[in-house]
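J.: Predicted model and sequence below, questions to follow.
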Amino acid sequence: MEGLALATMLLRRCGFGVIDRAAPGQAPATIHPPAFCISMILAELQELHALPFFDLLKRAHAVHEKFWPEGKIQLCTLLSIKTGGCSEDCAYCAQSARYKTELESHVLLERDEVMTHARAAKDSGSTRFCMGAAWRGVRGGTPRFEQVLAIVRDVAALGMEVCVTLGELGPEEARQLRDAGVTAYNHNLDTSPEHYPNIVTTHTYEDRLRTIRNVQDAGIAVCCGGILGLSETITDRLRLLEIISNFNPQPESVPINSLMPMPGTPLAENPQVDPFDLVRMIACARIAVPAAKVRLSAGRTRLSDEVQALCFYAGANSIFYGEKLLTTDNPEAAKDLVLLAKLGLQSLLPDRSLEAPVLDSGLPAYPAPGDSEECLLGAALVLADDV
């Protein structure tokens, strides 16, 4: 892409009209209205990513200020409500039953225990309570799904935003979660479709996209991002952003994780993600999906305060807050509050009225709706394998 075309794209994403200059003797110049949800293609993302570091940060910060002028940070707490024993073979995950790790598995937590954690999260300042279960997916009418629905109703009654990540969902399960009070559903794509088979073989990229479509159709906000450090290339990272930026409706939040290598998993010896690579990815995500919260997620224990400050400047405006991030350590809440105070950043208030991003009717839905039979969870899910 030529420099002028890149500048025009950035102007549009910042909400500034783009002017077509009139030639002498022609009609006056016209200003095109801003298009806030312009999807990006790989070539655009590659040109952005290749910019000098501070040029990229400056452009990302301009987009961030336009779409998030208050500059506040969302504080989220993530609780593993069912740990380990998962049938899937995600190469980065200590919760897979296929790997010998030191992770202690536990069955689905009782509602009272979950509520104790949720109340503590609210009292500490968290506004979104996220619950993760190590399953391939869930099916309506089963005791465990009914238990999850009851937990969601109780957490929602606290006035917190509720996010869950339960694996694959069919359309009916998505509707039931919405009705119970779920405001957002997390389902990460992890990496590019080209690299994905190197990381997971027990389900496909298309399986992930189908669940995202079901969540969108149910009117739940989508939380979808990826993981750096999976032996991927820069092109893989940008392909991930290309796909996410083309979601219609667009995601409500985009978590950017750095791999925390877990002993016993196939990626246990992978090197640490370069902090500058993380900041670049945050900046590109901010420009690619400007209206979404960009969440600085797993891997923060390895980041200095200075690197985290760069991430916030580049467009990160959400963090997981508390001592645990599913099965890995997370910075303590008190330390986070001290850092935010140093930077003059305040936290967002909870928004139970949060509405999912709206479908752009002028563009096709994406992920594309599949055949209704393909969207159903059934024989394709070997749920009995999940303990």
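T.: Okay, I see it.
J.: Tyr185 is in contact with Leu169, correct?
T.: Yes. Here Leu169 reaches Tyr185: they are 7.3 Å apart, a contact under C-beta atoms under 8 Å. All C-beta atoms are positioned from the backbone trio N, CA, C, and that covers glycine.
J.: can I see the domain layout of the chain?
T.: Domain assignment of the chain by automatic domain parsing yields the ranges 1-35, 74-343.
J.: which of those domains has the lowest average pLDDT?
T.: Mean pLDDT is lowest for domain 1-35 among the domains of the chain, at a mean of 42.
J.: Show me the helices in the chain, by range?
T.: Assigned by DSSP state H, the helices in the chain fall at 3-13, 42-49, 53-67, 111-123, 143-157, 171-180, 205-217, 234-245, 275-288, 305-314, 333-343, 372-375.
J.: Quickly compare the domains of the chain and say which is most buried.
T.: Highest mean neighbour count of these: domain 74-343, a mean of 20 (counted as mean count of other C-beta atoms under 10 Å).
J.: ok so, going back, as TSV, the helices of the chain with distance to Phe129 would be great.
T.: Converted to TSV, the helices of the chain look like this (distance: least, C-beta to C-beta, whole Å):
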stretch	distance to Phe129
helix 3-13	31
helix 42-49	33
helix 53-67	25
helix 111-123	5
helix 143-157	5
helix 171-180	13
helix 205-217	18
helix 234-245	24
helix 275-288	23
helix 305-314	22
helix 333-343	14
helix 372-375	28
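J.: what sits in contact with each of Leu169 and Tyr185?
T.: Overlap of the contact sets of Leu169 and Tyr185 (by C-beta atoms under 8 Å, 6 or more residues apart in numbering) consists of Leu177, Val215.
J.: Distance of the closest residue to Leu238 other than its chain neighbours relative to Pro263?
T.: Setting aside the residues directly before and after it, Leu238 is nearest to Leu45 in space (C-beta to C-beta, 6 or more residues apart in numbering), at 4.2 Å. According to C-beta to C-beta, to the nearest Å, Leu45 and Pro263 sit 34 Å apart.
J.: ok, Ala333 touching Phe320?
T.: No. Using C-beta under 8 Å as the test, Ala333 is too far from Phe320 to be in contact (10.5 Å).
J.: any idea how far the residue nearest to Ser105 when sequence neighbours are not counted is from Tyr185?
T.: Spatially, and ignoring its direct neighbours in sequence, Ser105 is nearest to Gly84 (2.9 Å; C-beta to C-beta, 6+ apart). Distance, Gly84 to Tyr185, using C-beta to C-beta: 22 Å.
J.: do the same with Leu75
T.: Separation of Leu75 from Tyr185 (C-beta to C-beta): 19 Å.
J.: quick revisit: nearest to Glu252 among the helices of the chain would be which one?
T.: Of all the helices of the chain, the one in closest proximity to Glu252, counting by C-beta to C-beta, is helix 205-217 (10.4 Å).
J.: and the closest one, how far from the chain's centre?
T.: Centre-to-centre, helix 205-217 and its host chain are 14 Å apart (C-alpha atoms, centre = their mean, to the nearest Å).
J.: Also stretch 83-99?
T.: For stretch 83-99, the distance to the chain centre is 20 Å (C-alpha atoms, centre = their mean).
J.: just stretch 269-282 next, same as before
T.: 17 Å.
J.: Could you work out the end-to-end span of that stretch for me?
T.: Terminal residues of stretch 269-282 are spaced 24 Å apart (C-alpha to C-alpha, to the nearest Å).
J.: what residues does that stretch touch?
T.: Contact with stretch 269-282 is made by 49, 53, 56-57, 60, 228-231, 237, 241, 256, 258-259, 261, 294, 296, 299, 302-304, 307, 310-311, 314-316, as judged by C-beta under 8 Å, 6+ apart.
J.: follow-up on the earlier one: Ala133: which of the helices of the chain is closest?
T.: helix 143-157 (7.3 Å).
J.: between that closest one and helix 111-123, what angle do the directions make?
T.: Using axes from the mean of the first three to the mean of the last three C-alpha atoms, to 10 degrees, the inter-axis angle of helix 143-157 relative to helix 111-123 is 30 degrees.
J.: Listing partners with orientation, what would you give for the longest strand seen in the chain?
T.: Counting by DSSP state E, the longest strand found in the chain is strand 74-82. Its sheet considered, strand 74-82 pairs with strand 128-133 (parallel), strand 318-320 (parallel) by DSSP bridges.
J.: got the CA coordinates for the first one in PDB?
T.: Output in PDB follows, covering the C-alpha atoms of strand 128-133 (Å, rounded to 0.1, in the frame of the first residue of the first chain):
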ATOM      1  CA  ARG A 128     -16.400  -7.900  34.700                       C
ATOM      2  CA  PHE A 129     -16.400 -11.400  36.100                       C
ATOM      3  CA  CYS A 130     -15.200 -14.000  33.600                       C
ATOM      4  CA  MET A 131     -15.600 -17.700  34.100                       C
ATOM      5  CA  GLY A 132     -13.700 -20.400  32.200                       C
ATOM      6  CA  ALA A 133     -14.300 -24.100  32.100                       C
END
